[in-house]
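Novice: A predicted structure for the sequence below; I have some questions about it.
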Amino acid sequence: MGELRGFLKYPKEDFPYRPIEERVKDSKEVTLPLETDKVKAQGARCMDCGVPTCHWGCPVDNLIPDWNDLVYRGRWEEALERLHRTNNLPEITGRVCPAPCEVSCVLGLIEPPVSIKLNEYTIIENGFREGWVKPAPPKVRTGKKVAVIGSGPAGLSCAQQLNRAGHSVTVFEKADRIGGLLRYGIPDFKLEKWILDRRIKILEGEGIVFKTNAHIGGNVPVEELRKEFDAIALCGGAEHPRDLPVPGRELKGIHFAMEFLTQQNRRGAGEKIDPAFEISAKGKNVIILGGGDTGSDCIGTSVRQGAKSITSFELLPKPPLERAPDNPWPEWSRILRLSSSHKEAGTVEYAVSTKRFLGEDGRVSGLEAVRLEWKKDSNDRLTMAEIPGSLFRQPAELVLFALGFVHPVHGGLIESLGVALDPRGNIKVDSNNMSSIKGVFSGGDMAIGQSLVVRAIKGGRLAARGIDKFLMGETQLA
C-alpha cells in the first residue's frame, strides 16, 4: 500500500449531496461526485490488512485493496482494469449498492471505514470520461448460441461473460426497454437511465443482441428457444410481490410499490400515462407499508410528486444505532440507516401491524393498525405481540406495498419449462447453476430469491460460468 498510515492522516469523506430543497424539485441524481484529489486521499486510507475482510463482504469479490491503492497513486486506468475483472456493472453498484464491503472493512472497527463505494464510482466514471470503457468483442466465436432471459443486473452480467467466452448471446426482455429492475424499479434520483443506456451500448458493441417485447412463455414459446439455442439462462428476477390479505385489500388506491415506481420511471422517460390507470401521490396522504430500500424509493418518489403527507409503517422493531452483541463485525450490521429519501420527508413508524383498510365509495381512505411489542422467547427468537389498547387509524388516499418479493413469477416461463423449484419457490440449481433441465441454467434472484443488485451480478456470472463449462467441457471465466 502506498501510504500505510493514511487512515490516520485523512478523515473519511463520502458523496456530497445536493441540497434537499433543490433535489426534491427534479428527478436527477441526489449525489454529486467528489473532487479527484479528495478521492485519492480516500484510497490512501486503505490499511494493508493482513486479511482484507472487505473481500468477504463483497458479493462479487471485488479486488478492493488493489484498486484502492491504484486510486491513491492516480493510476486510474489500471484501477479500472482491476474493477472490471470482477464487476460488469460498477457504475450501477457504485450508485445503488449498500456497500457490505464497507461494513466489513477492518478500519471500521475503530474509525469510519474506507469509502470503497465512492472509490468504485470514481474509477468507473473516470474510465468513461477518458474513453477507456469501450466495446471489447471476443476475437474468436465458438459457434455456440445462448439465450439469456431477462435484462436486469443478472441477465446483463451473464450475457457479457458468455459473450467474452466467444458464444453468440441473445438477451430477451419482456418489457419495451432493456434494463429490468435497473430500468423500471430504481428511481431516476438514484440511477439516471442514461447511465444504463451508456452500458447497453457497450454490450451491443461487443456483439450481444437484445430483443425487447419478447415475453418467453408468453408471446414467444419456450420451445422456439430450446430448438434455436444450445443453452438458456433464466435471469428474470424475483417479481412475485408479497401481498397483505387483510379486510379492505380490494379497495382502489392500494398498489404494489413496483406498480408505482415503474409508472414513474416510464413517466420520466417521456411516456404518457393513461389517466384511467395513473397512480399519483400528488395532494394525497400516502402510507407505505415496508421500511426497506423499496419503501425508501416510494418516499422519494412521493415527495417529488407532491404528496400531502408520507408515513411508512414497518412491522419489525426499530433497529439499534449500534451493533447488538449478537451481530458482530464483520457481519452486515443490522442498525438504523436513513436514506436520502428519509431525510427529505416522511415519518417511519416501527413495530406496527396493519389490521384492515378503510374506504369510502370503493376507494381507500385510511387504515387501521395496532402497535406491537417485540421480545425474545426462551429460545432467543424474536416474537411479537399486539399492545392492548394501541389500535389507531391513519388517513390515506394512496397505500403502497413495499413488502418485498417471495419468489419468481411461476406462471408462463417457469411452468412452460417445468423446472424444479426449491422450498422457497425459487428455481432449484446445482453447483454449476444448472436447473433440473439439462442446458437450462439460472442466476440472480430467480435462483436465490430477492436480494441485492450486486448479488444478482454475481449470480449472472456464476450462471455464465456454468453454461460455458457445459458447452465447452471447461471454462476460463472468472
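Specialist: Yes, it's here. Residues are numbered from 1 along each chain as shown.
Novice: low pLDDT regions in the stretch 1-150 of the chain?
Specialist: In the predicted model of the stretch 1-150 of the chain, residues 1-2 satisfy pLDDT under 70.
Novice: ok, residue 48 touching residue 65?
Specialist: Yes. Counting by C-beta atoms under 8 Å, residue 65 is a contact partner of residue 48 at 7.3 Å. Heads up, the C-betas are built off the backbone N, CA and C, glycines and all.
Novice: quick check: the gap between residue 388 and residue 372.
Specialist: Per C-beta to C-beta, to the nearest Å, residue 388 is found 11 Å from residue 372.
Novice: okay, helices next: where are they in the stretch 151-300 of the chain?
Specialist: Counting by DSSP state H, counting those that start in this stretch, the stretch 151-300 of the chain has these helices, from start to end: 153-164, 181-184, 193-205, 222-228, 257-268, 293-305.
Novice: residue 123 belongs to a strand, doesn't it?
Specialist: No. Assessed with DSSP: H, G, I helix; E, B strand; the rest coil, residue 123 is helix; it does not lie in a strand.
Novice: what about residue 329, which SS state?
Specialist: Of the three states, residue 329 takes coil according to three-state DSSP.
Novice: which SSE is residue 373 in?
Specialist: When secondary structure is defined by DSSP states H and E, residue 373 falls within strand 363-376.
Novice: follow-up on the earlier one: got a markdown table for the helices of the stretch 151-300 of the chain, with mean neighbour count too?
Specialist: Below are those laid out as a markdown table (neighbours: other C-beta atoms under 10 Å):
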| stretch | mean neighbour count |
| --- | --- |
| helix 153-164 | 29 |
| helix 181-184 | 22 |
| helix 193-205 | 16 |
| helix 222-228 | 14 |
| helix 257-268 | 20 |
| helix 293-305 | 25 |
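Novice: got these as CSV, with distance to residue 21 and mean pLDDT columns?
Specialist: CSV is the format used below for the helices of the stretch 151-300 of the chain (distance: least, C-beta to C-beta, whole Å; pLDDT from 0 to 100):
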stretch, distance to residue 21, mean pLDDT
helix 153-164, 33, 98
helix 181-184, 28, 97
helix 193-205, 24, 98
helix 222-228, 51, 95
helix 257-268, 21, 98
helix 293-305, 11, 98
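Novice: for residue 77, which of those is the nearest?
Specialist: Across those, residue 77 has its closest neighbour in helix 193-205 (16.3 Å, C-beta to C-beta).
Novice: packing partners of that closest one?
Specialist: helix 90-96, helix 153-164, helix 181-184, strand 209-211 (3 or more C-beta pairs under 8 Å, 6 or more residues apart in numbering; DSSP states H and E).
Novice: would you reformat those as CSV and include distance to residue 328?
Specialist: Below are the helices and strands packed on helix 193-205 laid out as CSV (distance: least, C-beta to C-beta, whole Å):
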stretch, distance to residue 328
helix 90-96, 25
helix 153-164, 30
helix 181-184, 32
strand 209-211, 44
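Novice: among those, which comes closest to residue 198?
Specialist: helix 90-96 (7.6 Å).
Novice: so which elements touch the closest one?
Specialist: The elements that helix 90-96 packs onto, with contact taken as 3+ C-beta pairs under 8 Å, 6+ apart, are helix 116-130, helix 193-205, helix 453-472.
Novice: and these, which is most packed in?
Specialist: With neighbours defined as mean count of other C-beta atoms under 10 Å, these peak in mean count at helix 453-472, which reaches a mean of 25.
Novice: please state the offset of it from the chain centre?
Specialist: The gap between where helix 453-472 is centred and where its chain is centred comes out at 18 Å by C-alpha atoms, centre = their mean, to the nearest Å.
Novice: out of residue 388 and residue 372, which sits in the busier spot?
Specialist: Neighbour comparison, residue 388 and residue 372: the larger count goes to residue 372, with 18 against 9 (by other C-beta atoms under 10 Å).
Novice: start and end of stretch 356-366, how far apart?
Specialist: End-to-end distance of stretch 356-366 (C-alpha to C-alpha, to the nearest Å): 9 Å.
Novice: no no, stretch 288-296
Specialist: Chord length of stretch 288-296, first to last residue, is 9 Å (C-alpha to C-alpha).
Novice: what's in contact with that stretch?
Specialist: With contact meaning C-beta atoms under 8 Å, 6 or more residues apart in numbering, stretch 288-296 is reached by 98, 185, 244, 257-258, 261, 298-299, 302, 310-314, 316, 339, 341-342, 346, 348, 350, 354, 399-404.
Novice: what do you get for stretch 452-461?
Specialist: The contact list for stretch 452-461 (C-beta under 8 Å, 6+ apart) reads 58-61, 87-89, 92-93, 96-98, 100, 152-159, 161, 181-182, 233, 235, 237, 433, 443-445, 447-448, 477-478.
Novice: put the buried members of those into a PyMOL selection.
Specialist: A single PyMOL command selects the buried members of the contacts of stretch 452-461 (16 or more other C-beta atoms under 10 Å):
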select buried, resi 58+59+60+87+88+89+92+93+96+97+98+100+152+153+154+155+156+157+158+159+161+181+182+233+235+237+433+443+444+445+447+448+477
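Novice: can you give me the pLDDT of the residue of the chain most remote from its centre?
Specialist: Ranking residues of the chain by C-alpha distance from their mean position (C-alpha atoms, centre = their mean) puts residue 389 at the top, at 38.9 Å. Looking at residue 389, its pLDDT reads 97.
Novice: tell me the contacts of residue 53?
Specialist: 104, 105, 106, 330.
Novice: which one is the last one nearest to, not counting chain neighbours?
Specialist: If I follow you right, that is residue 330. The spatial neighbour of residue 330 that comes closest, neighbours along the chain excluded (C-beta to C-beta, 6 or more residues apart in numbering), is residue 104 at 3.4 Å.
Novice: and the one you found, how far is that from residue 411?
Specialist: Taken as C-beta to C-beta, the span from residue 104 to residue 411 is 39 Å.
Novice: and those two? which has more neighbours close in?
Specialist: With neighbours defined as other C-beta under 10 Å, residue 104 and residue 411 compare such that residue 104 has more, 22 against 11.
Novice: list the contacts of the more buried one.
Specialist: 53, 54, 56, 57, 329, 330, 331.
Novice: pull out the buried residues from these.
Specialist: For the contacts of residue 104, buried by 16+ other C-beta under 10 Å: 53, 54, 57, 330.
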